[in-house]
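Q: Here is the input, now give the coordinates:
(chains A, B, C, D, E and F)
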Amino acid sequence: MFAGASAAILVTMALALFRAIRGPTIYDRILAVNAFGTLTVVLIAVHGFLAGRPEFLDIALVYALINFIATIAVTKYVKFSHLGHPSGEDERGDV
Amino acid sequence: MLQALSLGAVLYGLWLLLSGHFEPLLLGLGLASTIVVVLIARRMDLIDREGHPIHLSWRFLLYIPWLLWEIVKANIDIARVIVRPRMAIDPSVLRLKGTQKSELGHVIYANSITLTPGTVTIGLEEGVLSVHALTREAAEGLIRGDMDRRVTAVEGAADGRGEHGA
Amino acid sequence: MIFKAVLRVVSKLLIPPIMLFALYVQFHGDFGPGGGFQAGVIFASAFILYALIFGIDNARKVAPAWATRTLLSLGLLLYASVGVAGILLGGNFLDYSVLAEDPVIGQHLGITLIEFGVGATVSGAMITIFFIFAHQDR
Amino acid sequence: MALLADIASWACLIAGSLFALIGAVGIVRLPDVFARMHGAGIVDTLGMGLILAGLMIHEGFTMVTVKLVLIVVFIFFASPTTTHALARAALNGGLKPLVDGKNAPSAEPGERTGGPSKT
Amino acid sequence: MEFPGLYNYWITIVLMMVGFYIVIAHDNLIKKVVGLNIFQVSVFVFYISMAKVRGGTAPILDAGIEIYSNPLPHVLILTAIVVGVATTALALALVVRIRNAYGTIEDDEIEGQEDDA
Amino acid sequence: MAVTALALVRLRNLFAVVMLAGMFSLLAAVLYVVLDAVDVAFTEAAVGAGITTVLMLGTLALTTSEEKAAPRKILAPLLLVVATGAVLIYGTMDMPRYGDPNAPIHRHVAPYYLERTGPDTGLPNVVTAVLASYRGYDTLGEVAVIFTAAVGVLILIGRSRRPRKKRQPADKKKAAQ
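A: Alright, predicted model coming up:
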């Protein structure tokens, strides 16, 4: 059963990967990478059960966290081409 | 100060949940870690009514099941739309005014909208939300304003005392 | 408020748990996956998130340059001094068995201290590097 | 009882996988970024949530379940935030959401400025 | 089972060669750094796949589990990853510095400027 | 994974390259989990996807995000790469099979670590024990390397860039000539 779920997740990841490689705009790629990250979290969790040692969910938790931070960083970069500006100093709005 | 204490309590509870080891050394380390984190959070100016909204915890807990049920319903709708060979999508952008009083309430509202598939908040400025809706049903569901009322109710007790977010 | 609401509120909610999680990883490296290297990186990423949302200058106020550099050096110093402590107590360099009466407890103590040194160094290094990169003018 | 839990967890896993797949199909098929966000939303909420819920039911009440709950809570906080940030970035980058001209409800019914205020 | 027993090495080698190709064929310095990273990851995968023991589990001791994978490569790679990110940061700092000095991050253009000077 | 890597080769937009590199790292971490290296996967998770991406973005922000031209001299590198790959694959013929418990690597010091970690240190995580105790010298060296790298970055670009910025247009002019 877990194998079936992980197979489904893998197919989903492949589809997201397709969008990330094709993605006409940058935003498509970011979106796909974000979805990909979420799927990775789920895949790691499912694999823990598949291998019979589900104690290693910390990794999945770290993943969820890092994925969030990376996506924020990326959107910030896309908007400002710079990581350092404090949000909201300029009038263009911010992330 | 009260909020710092409660944040510390929440964090220590989180530590106990994560840890699962109840030896004196680790309990002490957990306490030390909690204190360090609370100090850094104070330095970062994170502890206020927005960063640690204890004042609406109970109502929020009541709100969650309703939101989950909404998410499930919306998911099924959107999934049906996507699977159909001719996608019957009807994207639209609408502007809504949230009736919440603080920005925290607006944020809860905006995130609830985004969390429900079929509608994504693409802008939030001074209480006016721009929402991108995938289908007509999703848009109409929002215009009915059910979620808006509920979020306002969650926030209900928050006014009265010093307002940080507004 | 100058910052945009959604990100500000959510990151205010999330940064303290992230830091606590980093420290949890730090001190539970003995029992599950984790340890100083990972904890340092996660701790640094909490700061990076703060810098991304609230601006690099505010982040610099919270963690000034001298603080991160001290952290960076202190970790290495802690590591090395645990080793030297082993020598002073009659063992070899980096031999923790002599740190306590019972060799097993000594080992445990030594490993915890070492991991803490590693974590401090890594987080200091990562925060320093990030701040340098983000602080450049184009 | 054990059988019941097993069936429930299987059902959750199957449904979750199905939703994840549908969401990914949506990510591939939908026409523009803003529409694709909804597909990603399905993956992020119900796909992920149901799979992890299936695992929770399978596991019973242990430390593992606590961590799964933490993951779900974290993603439920983070996912809309990133989607929102992304949407704002895309708007800022000059992308306009694709709107069907003739039946866009944005003009009349959407312009709801009052709302049921409770005062 | 002679043939498939080696596929992990082959995957590693394919990855390694892709990284290698990026490093030698592309002129852009950032692309070169990315290529180096891929190369690095392939080496990591190589070590980790050598550490795997059939039927074993992660080397975290637990009652009732007999076979563990080899912990030693894990230790080496664990530190190597963090060192790798530190050196990547150093390389990127160099790239930034080169950009400031030459106004470009394309290898051939830098060489052209060197020849002019 | 290989597909990601190959896509990396083709893409010219450096921004997309960085995004795909992040994805590549995600896949690598999944692979580590599958291969039982949970600690390594943990590190890769924390480092590869997060910090490296952020650092790359920082560099892109400081330089440029578009690769100038596709490589012209494709054939020679390709030949070299294929030749090297062939040699390496020939070399793997003598390697121990995947997952073989009798491979030389598993017979040397690993059983000692696995057996002694419990009694010696009382820790369940062998990786941590080896990292911090049995091979403490190594780890000290690694920490020193990280420290040195941070100091190196500080020295290289740590100071304010303002005086140098003025000279940049002159450099560009020189390049144009």
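
Q: all helices for chain D, in order.
A: In chain D, the segments counted as helices under DSSP state H are D:2-29, D:33-42, D:48-59, D:63-92.

Q: need the residues of chain C near chain D, please.
A: Selection of chain C residues close to chain D by CB under 8 Å from any CB of the partner chain yields C:4, C:6-7, C:10, C:13-14. Glycine gets a C-beta too; all of them are placed from N, C-alpha and C.

Q: Show me which of the residues you listed is closest to chain A.
A: Lowest distance from chain A to the residues of chain C next to chain D (CB to the nearest CB) belongs to residue C:4, with 5.2 Å.

Q: winner for burial among the helices of chain D?
A: Most buried of the helices of chain D by mean neighbour count (mean count of other CB atoms under 10 Å in any protein chain shown) is helix D:33-42; its value is a mean of 27.

Q: for that one, packing partners?
A: Helices and strands touching helix D:33-42, by 3 or more CB pairs under 8 Å, 6 or more residues apart in numbering or on different chains; DSSP states H and E, are helix A:26-50, helix B:57-83, strand B:119-125, helix D:2-29, helix D:63-92.

Q: on that earlier part again, residue F:81 is nearest to which of the helices of chain D?
A: Closest to residue F:81 of the helices of chain D, according to CB to CB: helix D:2-29, at 32.2 Å.

Q: pLDDT of that closest one, averaged?
A: For helix D:2-29, the mean pLDDT works out to 81.

Q: Could you say which helix or strand holds residue C:46?
A: helix C:36-54 (DSSP states H and E).

Q: The helices of chain D: which one's closest to residue B:124?
A: Nearest of those (CB to CB): helix D:63-92, 7.7 Å.

Q: just checking, what packs against the closest one?
A: Using 3+ CB pairs under 8 Å, 6+ apart, helix D:63-92 sits against helix A:26-50, helix A:57-80, helix B:2-19, helix B:103-115, strand B:119-125, helix C:5-27, helix D:33-42, helix D:48-59.

Q: please redo it, this time with the cut-off set to 7 Å
A: Using 3 or more CB pairs under 7 Å, 6 or more residues apart in numbering or on different chains; DSSP states H and E as the contact definition, the elements that helix D:63-92 packs against are helix A:26-50, helix A:57-80, helix B:103-115, strand B:119-125, helix C:5-27, helix D:33-42, helix D:48-59.

Q: In chain C, where is pLDDT below threshold?
A: Low-confidence segments of chain C, defined by pLDDT under 70: C:1-4, C:94, C:97-101, C:136-138.

Q: Give me the longest helix you can find in it.
A: When chain C is parsed with DSSP H, its longest helix is helix C:103-135.

Q: and that one, anywhere near chain B?
A: No - residues of helix C:103-135 are not located near chain B by CB under 7 Å from any CB of the partner chain, the shortest gap being 8.1 Å.

Q: Helix A:57-80 and that helix, what's the angle between them?
A: Using axes from the mean of the first three to the mean of the last three CA atoms, to 10 degrees, the direction of helix C:103-135 lies 10 degrees away from that of helix A:57-80.

Q: Show me what helix C:103-135 packs onto, helices and strands only.
A: Where contact means 3+ CB pairs under 7 Å, 6+ apart, helix C:103-135 is packed against helix C:5-27, helix C:36-54, helix C:56-62, helix C:65-88, helix E:71-102, helix F:53-62, helix F:110-121, helix F:136-157.

Q: now that helix against helix C:36-54, angle please.
A: 30 degrees.

Q: Surely residue B:93 forms part of a strand?
A: Yes - in this structure, residue B:93 lies within a strand as judged by DSSP: H, G, I helix; E, B strand; the rest coil.

Q: can I assume it is in contact with residue B:130?
A: Yes - using CB atoms under 7 Å, residue B:93 is in contact with residue B:130, at 6.1 Å.

Q: Contacts only, for the residue nearest the centre of chain E.
A: Taking CA atoms, centre = their mean, the centroid of chain E lies closest to residue E:40, which sits 1.0 Å from it. Neighbour list for residue E:40: residue E:84 [criterion: CB atoms under 7 Å, 6 or more residues apart in numbering or on different chains].

Q: How about the backbone phi and psi for it?
A: phi -60, psi -50 (degrees, to the nearest 10).

Q: Check residue E:28 too.
A: As for residue E:28, its main-chain torsions (degrees, to the nearest 10) stand at phi -70, psi 130.

Q: Quick check: bridge partners of it?
A: Beta-bridge partners recorded for residue E:28 (DSSP bridges): residue E:106.

Q: so what pLDDT did it get?
A: 78.

Q: Nearest residue to residue E:89 in space, please, no chain neighbours.
A: residue C:129 (4.6 Å; CB to CB, 6 or more residues apart in numbering or on different chains).

Q: which residues touch that neighbour?
A: Counting by CB under 7 Å, 6+ apart, residue C:129 makes contact with E:89, F:55, F:150, F:153.

Q: correct me, but residue E:13 touches residue F:85?
A: Yes - taking contacts as CB under 7 Å, residue E:13 lies within contact range of residue F:85: 5.5 Å.

Q: who has more neighbours, the two?
A: The neighbour count for residue E:13 versus residue F:85, taken as other CB atoms under 10 Å in any protein chain shown, is higher for residue E:13 (22 against 18).

Q: Just give the nearest non-adjacent residue to that one, would you?
A: residue F:88 (4.8 Å).

Q: how much space between that neighbour and chain D?
A: Using CB to the nearest CB, to the nearest Å, residue F:88 is found at 36 Å from chain D.

Q: How about stretch B:132-139 and chain D, touching?
A: Yes - interface with chain D: stretch B:132-139 contributes B:132, B:134, B:136, B:139 (CB under 7 Å from any CB).

Q: picking that back up, for residue C:29, which of the helices of chain D is the nearest?
A: Comparing those against residue C:29 with CB to CB, the closest turns out to be helix D:63-92 (16.3 Å).

Q: outside of the lowest-mean-pLDDT helix or strand in chain D, which residues touch it?
A: Ranked by mean pLDDT, DSSP states H and E, the weakest helix or strand in chain D is helix D:33-42, scoring a mean of 76. When contacts are defined by CB under 7 Å, 6+ apart, helix D:33-42 is touched by residues A:25, A:27-28, A:31, A:34-35, B:75, B:78-79, B:82, B:89, B:91, B:117-118, B:120, B:122, B:132, B:134, D:19, D:22-23, D:26-27, D:30, D:83, D:87, D:90, D:95, D:97-98.

Q: filter the residues you listed to the buried ones?
A: For these, a burial check counting by 16 or more other CB atoms under 10 Å in any protein chain shown picks out A:27-28, A:31, A:34-35, B:75, B:78-79, B:82, B:89, B:91, B:117-118, B:120, B:122, B:132, B:134, D:19, D:22-23, D:26-27, D:30, D:83, D:87, D:90, D:95, D:97-98.

Q: What residues of the helix or strand hosting the residue nearest to residue E:13 count as buried?
A: Element membership for residue F:88 (DSSP H and E) is helix F:75-92. Neighbour counts using 16+ other CB under 10 Å place F:77, F:81, F:85, F:88, F:92 of helix F:75-92 among the buried residues.

Q: Run through the neighbouring helices and strands of that helix.
A: Contacts defined by 3+ CB pairs under 7 Å, 6+ apart place helix F:75-92 against helix E:7-25.

Q: Which other helices and strands does the helix it packs on contact?
A: Counting contacts by 3+ CB pairs under 7 Å, 6+ apart, helix E:7-25 packs against helix E:29-51, helix F:2-10, helix F:75-92.
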